[in-house]
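*Asks:* dropping a prediction and its sequence here:
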Amino acid sequence: METERGHAPVLKAEVLAMLSPAGRGVLVDCTVGLGGHAEALLDVCGSETRLLGIDADESNLLRARKRLNRFGERVRLFQANFSQVNSVLAEAGVAGADAILADLGVASSQLDDPARGFSFAADGALDMRLDSREGRTAADLVNRLDEKDLADLIYRYGEERYSRRIARAIVTARRTKRIERTTELAAIVTGAMPPATRRTRRGVHPATRTFQALRIAVNDELGALESLLSALPEVLNVGGRAGIISFHSLEDRRVKKAFAVWAAAGQARPLCRKPVRPTQEEAENNPRSRSAKLRGIERIW
């Protein structure tokens, strides 16, 4: 059923085990996506649980609303960035949450839609915005940033060792024509790499890190994560639990550090010593889950 609906929630069993003990009141899914985690949590947490679902992508919310329709008034959905969690709770008239989940991955529906421009697997406009109502596109960044700023962006957000070569190739290519398409950019990036690195290895395309960097920059993903982590002590009730699923080291380091600071202050305790990873079976059935890491924390006062 999950596959037919186009989305398999990552680490679903692990999320349920972590958050369901606290999720008997108000549950906030900060990245409701297609509603897979939300549906599973509502099923196990009981009829008293209410869910506030947040997503920046209107198309995700439409599909989540259909999926969660059977829960009726227990569910309220908001189009917003999860950095605005305080505002969403205030709008909903909720003082605090008993369980908070943030799955920081891009939904399969977004990755697989060429029109969104997240992937080089199919040709599409170089967009990458999660919220199509606002902000610069990836094409804007690729065609407007100078070579140094572009190289810095690719290195900082993509941890790409060949960032300077890639930036130089992009700037050279755009002198001839504006770069507008995903496959066009992927070809430029691949051509800029040393010959030995141009082949896809272990399922990782040579342009993966550059596309990651652009997506992070377009959506200010790390800034949004910092805002969410700063808000947690304010919006999570005593006894409440928060779980965050990250997909690359830039995210995971920030989550790990924030949880450690909060625990050191004596206000919270970690729910796992090391990040929870997908089982081998899940990684094989859903390759996009392979890099997922779940960390959790419980507020104690």
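*Replies:* Structure received.
*Asks:* low-confidence bits of the chain, can you list those?
*Replies:* Along the chain, segments meeting pLDDT under 70 span 1-7, 199-203.
*Asks:* so where do the strands sit in it?
*Replies:* Along the chain, counting by DSSP state E, strands occupy 26-29, 50-55, 75-79, 97-103, 236-246, 268-270, 293-299.
*Asks:* what does the fourth one contact?
*Replies:* With Cβ atoms under 8 Å, 6 or more residues apart in numbering as the contact definition, strand 97-103 has outside contacts at 9-10, 15, 19-20, 22-31, 33, 37, 41, 45, 52, 82, 85, 89, 225, 228, 232, 235-237, 239-245. C-beta coordinates here come from the backbone N, C-alpha and C atoms, glycine included.
*Asks:* on that earlier part again, can you put the strands of the chain in JSON lines and add distance to K148 and mean neighbour count?
*Replies:* Below are these laid out as JSON lines (distance: least, Cβ to Cβ, whole Å; neighbours: other Cβ atoms under 10 Å):
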{"stretch": "strand 26-29", "distance to K148": "39", "mean neighbour count": "27"}
{"stretch": "strand 50-55", "distance to K148": "35", "mean neighbour count": "24"}
{"stretch": "strand 75-79", "distance to K148": "36", "mean neighbour count": "19"}
{"stretch": "strand 97-103", "distance to K148": "33", "mean neighbour count": "26"}
{"stretch": "strand 236-246", "distance to K148": "29", "mean neighbour count": "23"}
{"stretch": "strand 268-270", "distance to K148": "40", "mean neighbour count": "17"}
{"stretch": "strand 293-299", "distance to K148": "32", "mean neighbour count": "23"}
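*Asks:* got those as CSV, with distance to F259 columns?
*Replies:* Compiled in CSV, the strands of the chain are given as follows (distance: least, Cβ to Cβ, whole Å):
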stretch, distance to F259
strand 26-29, 17
strand 50-55, 20
strand 75-79, 25
strand 97-103, 12
strand 236-246, 8
strand 268-270, 6
strand 293-299, 5
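*Asks:* out of those strands, which comes closest to Q212?
*Replies:* Among the strands of the chain, the nearest to Q212 by Cβ to Cβ is strand 236-246 (12.6 Å).
*Asks:* same for the closest one, what does it pack against?
*Replies:* In terms of contacts (3 or more Cβ pairs under 8 Å, 6 or more residues apart in numbering; DSSP states H and E), strand 236-246 is packed against helix 12-19, strand 97-103, helix 249-264, strand 293-299.
*Asks:* K293 reaches L250, doesn't it?
*Replies:* No: if you go by Cβ atoms under 8 Å, K293 and L250 don't touch, sitting 11.9 Å apart.
*Asks:* picking up where we left off before, redo the helices and strands packed on strand 236-246 as a markdown table? Include distance to R198.
*Replies:* Formatted as a markdown table, those follow (distance: least, Cβ to Cβ, whole Å):
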| stretch | distance to R198 |
| --- | --- |
| helix 12-19 | 36 |
| strand 97-103 | 32 |
| helix 249-264 | 24 |
| strand 293-299 | 29 |
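*Asks:* distance of F247 from T176?
*Replies:* Per Cβ to Cβ, to the nearest Å, F247 is found 34 Å from T176.
*Asks:* let me fix that: P270
*Replies:* Taken as Cβ to Cβ, the span from P270 to T176 is 52 Å.
*Asks:* how about A139?
*Replies:* Taking Cβ to Cβ, one finds A139 at 15 Å from T176.
*Asks:* tell me, how many residues neighbour the residue lying closest to E159 once chain neighbours are set aside?
*Replies:* Among residues not flanking E159 along the chain, R209 sits closest, at 6.4 Å (Cβ to Cβ, 6 or more residues apart in numbering). R209 has 22 neighbours, counted by other Cβ atoms under 10 Å.
*Asks:* pretty sure R209 contacts L153?
*Replies:* No: counting by Cβ under 8 Å, R209 sits too far from L153 to count as a contact (11.3 Å).
*Asks:* check contacts around E298.
*Replies:* A22, G239, G240, R241, A242, A268, R269, L271.
*Asks:* domain parsing for the protein?
*Replies:* 12-109+221-299, 116-219 (automatic domain parsing).
*Asks:* how long is the first one from one end to the other?
*Replies:* For domain 12-109+221-299, the first-to-last residue distance is 22 Å (Cα to Cα, to the nearest Å).
*Asks:* quick one: that domain to chain centroid distance?
*Replies:* 11 Å (Cα atoms, centre = their mean, to the nearest Å).
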